[in-house]
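In: here's my sequence, what's the structure:
(chains A, B, C and D)
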Number of protein chains: 2
Amino acid sequence: MRKFEDSLPLQLLKAREATMVFFRPLLQENSVTEQQWRVLRALKAYEELESKQLAEHCCILSPSLTGIIKRLEQQGYIKRKKSEEDQRRTLLSLTDKALDLFKRLSPDVESRYKAFAERYGEEKLEQLSKLLKELTELEA
Amino acid sequence: MRKFEDSLPLQLLKAREATMVFFRPLLQENSVTEQQWRVLRALKAYEELESKQLAEHCCILSPSLTGIIKRLEQQGYIKRKKSEEDQRRTLLSLTDKALDLFKRLSPDVESRYKAFAERYGEEKLEQLSKLLKELTELEA
DNA sequence: GAAAACTAGTTTAGATATTAAGAATCTCAT
DNA sequence: ATGAGATTCTTAATATCTAAACTAGTTTTC
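Out: Just a heads-up that it's a prediction; the model follows:
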């Protein structure tokens, strides 16, 4: 068997951790969890999404998402409505409070991202991103 | 703000997920969780480790490790003993049952890994691994 | 040499991950 | 029209994550 440290899943995990070090403090200061932030960002990007699509985009399983949405709704960051055509589907979108949050945090997020990109190297980041995308598009 | 899909943490998460697709079934068949498997692999590589070192290697926080170790011990996969020099430290190591597990699973793990590497490309895998290592070694 | 500061490991509380099972709704062939 | 099968979302049970507080043992400082 390969060496422990050569495990790709572990390398990916550690790399993610190393990246989050740059952003975690900001999220903590604003009492938003990583998963909540991912959900908010997805809804910002897509305006309105069904729960299932949201789960797909965020890489979060439906059962987890149920709870995350419930809490985000309680905190007033997202609103839900039933789809007219299909009563099973729930349509989710951001509230103004969430949009305000983005206005407030975006500059800081961006500057931290730039700090990171500079630290790691723009070119390497491009390369890495490309390799990751290809990996993700792999079908089992 | 960058596009949602360009988020590096998300890309890393999805890449990890895409990779685990190859191995998860094997772990499930043997009733071992991802984290448990990571802990077992680390102990196999290092023979004996303190809880804290183990946490470091596996990228698992101490509080989580407490529970994981407890369950692995109950299942007879690992044993613990107190350090002589420092009564705070716990030394962990694998049992024969764990070593048997490795004997049994290693071939399958290897073949799945090869299938993955071939599918993704050996060179790209090398490249990716290198970039990830550099990322991980980044200090905030 | 004892209080202060530190360290390893655990517990606690709340959030999330994972698998399986359930409830509600929808689709479609009969 | 209708019942089997599929789909969306939720609940349940157990494992893990995360931050903070706590316990016990160790080192440092004066």
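
In: so what pLDDT did the spatially most central residue of chain A get?
Out: Nearest to the geometric centre of chain A sits A:Arg38, at 2.4 Å (Cα atoms, centre = their mean). If you check A:Arg38, the pLDDT there is 98.

In: contacts only, for the residue lying closest to it once chain neighbours are set aside.
Out: In space, A:Arg38 comes closest to A:Cys58 once its chain neighbours are excluded; the distance is 4.6 Å by Cβ to Cβ, 6 or more residues apart in numbering or on different chains. In short, each C-beta sits where N, CA and C put it, glycine included. Neighbouring residues of A:Cys58 by Cβ atoms under 8 Å, 6 or more residues apart in numbering or on different chains: A:35, A:38-39, A:42, A:65, B:10.

In: most neighbours of all these, which one?
Out: With neighbours taken as other Cβ atoms under 10 Å in any protein chain shown, the top of the contacts of A:Cys58 is A:Val39, carrying 27 neighbours.

In: returning to that earlier point: separation between the residue nearest to the centre of chain A and A:Pro25?
Out: From A:Arg38 across to A:Pro25, the span is 17 Å (Cβ to Cβ, to the nearest Å).

In: ditto for A:Lys82
Out: As judged by Cβ to Cβ, A:Lys82 and A:Pro25 stand 38 Å apart.

In: next, the buried residues of the longest helix seen in chain A.
Out: Longest helix in chain A by number of residues, with DSSP state H as the criterion: helix A:96-120. Within helix A:96-120, the residues that qualify as buried are A:98, A:101, A:105, A:109, A:113, A:116, A:120, counting by 16 or more other Cβ atoms under 10 Å in any protein chain shown.

In: again, but for stretch A:63-82
Out: Quick answer for stretch A:63-82 (16+ other Cβ under 10 Å): A:65, A:68-69, A:72, A:77-78.

In: who's in contact with the residue nearest to the centre of chain A?
Out: Neighbouring residues of A:Arg38 by Cβ under 8 Å, 6+ apart: A:58-60, B:7, B:10.

In: returning to what we had before: among the contacts of A:Cys58, name the ones in helices.
Out: Mapping the contacts of A:Cys58 onto helices (DSSP H) picks out A:35, A:38-39, A:42, A:65, B:10.

In: among the residues you listed, which pair sits farthest apart?
Out: Across the ones in helices among the contacts of A:Cys58, the longest distance by Cβ to Cβ is 15.1 Å; it joins A:Leu65 and B:Leu10.
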